[in-house]
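Student: fold the following, please.
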Amino acid sequence: MKPPAPIRWSGSSSVVAGLLYFVGYAGMAELLPPVMGNLDGHVTLGLAGLATLPALAGAMVRDAGRSGRLGVAGYVLSSIGATVFSAGNLAEGLWLTEFGTRLFALGYVGLTAGVVLLGFALPRAKVLPAWSVWPLAVGWTLFLPVANSPTIFGFAPFAPSLLAAGMLGAGWMMLGRALWGAGARGSRDRGENAAGDAPSGLG
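Tutor: Numbering: from 1, shown residues only. Next up, the predicted model:
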C-alpha cells in the first residue's frame with residue numbers, strides 16, 4: 001500500500017533537499033568551478049533549506065504525535081532552523097549581506113539540534129526506522145568538524161569538502177526513502193496492533 005500523497009510528496013521533497021544540500025555545499029566550497037561558485041552555492045543551500053520544510057511536515061504527519069514532547073521540540077527546532085538557514089544563505093548569495101552569514105550559521109545550529117532530537121524521538125516511537133534518521137543526525141552533527149578539518153589539520157581541502165557535502169545531503173535522501181515507504185510500514189503496524197487487540201475466540 002502506498003503512503004498518502006502528502007507523505008509521498010514530502011519524501012520527494014526530502015530527496016530533493018538532500019541533492020541540493022550536496023550540490024550547494026560543493027558549490028560553496030568551490031568544488032564545482034566554473035559551473036557553480038561560492039555565491040551560487042549559497043543560493044542552492046537556501047533552496048535546500050526551503051525543501052527541508054515539506055520533508056519535516058511529512059514526518060510530522062506520519063508521526064501524529066507519537067514521539068511526544070521530544071519529537072515536538074525536534075520539529076520546532078528543525079523547522080525554525082531550516083527557515084533561518086534558508087534565509088541566511090539566500091541573503092548571502094543574492095544580496096551579499098554579511099548578516100546572512102550569521103543567519104545561516106544560527107540556522108545550522110537550530111536545524112542540527114532539531115534533527116538530533118528527532119534522531120532519538122522517531123525510532124523510539126516507531127515513527128520511522130533508525131536507519132532513516134540517524135544518518136541525518138550524525139551527518140549534520142559531524143559536518144562542521146569534517147568541513148573545517150583542512151584548516152585545523154592542514155589536509156588538502158577537496159576530499160573533506162566532498163565528504164562534508166555528502167554528510168549534509170545523504171541523510172535527507174534516506175529520510176525521503178523512508179517516507180516513501182511509510183504507508184506500507186504503517187499499515188503493517190496497524191494490522192499487527194489490531195490483531196493483538198482482537199479477541200482470540202478461544203476459551
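Student: and the closest residue in space to residue 30 that isn't next to it in sequence, what is it in contact with?
Tutor: Leaving aside its chain neighbours, residue 30 sits nearest to residue 38 (5.9 Å; criterion: C-beta to C-beta, 6 or more residues apart in numbering). Backbone N, C-alpha and C define where each C-beta goes, glycine included. Residue 38 is in contact with 27, 28, 30, counting by C-beta atoms under 8 Å, 6 or more residues apart in numbering.
Student: contact partners for the second one?
Tutor: The neighbourhood of residue 28, defined by C-beta under 8 Å, 6+ apart, consists of 38, 41, 42, 44, 45.
Student: got a pLDDT number for the residue nearest to it when sequence neighbours are not counted?
Tutor: Leaving aside its chain neighbours, residue 28 sits nearest to residue 41 (3.0 Å; criterion: C-beta to C-beta, 6+ apart). pLDDT recorded at residue 41 is 96.
Student: for residue 129, same thing?
Tutor: 95.
Student: from residue 174, how far off is it?
Tutor: Using C-beta to C-beta, to the nearest Å, residue 129 is found at 10 Å from residue 174.
Student: more crowded one of the two?
Tutor: Comparing residue 129 with residue 174 by other C-beta atoms under 10 Å, the one with more neighbours is residue 174, at 22 against 15.
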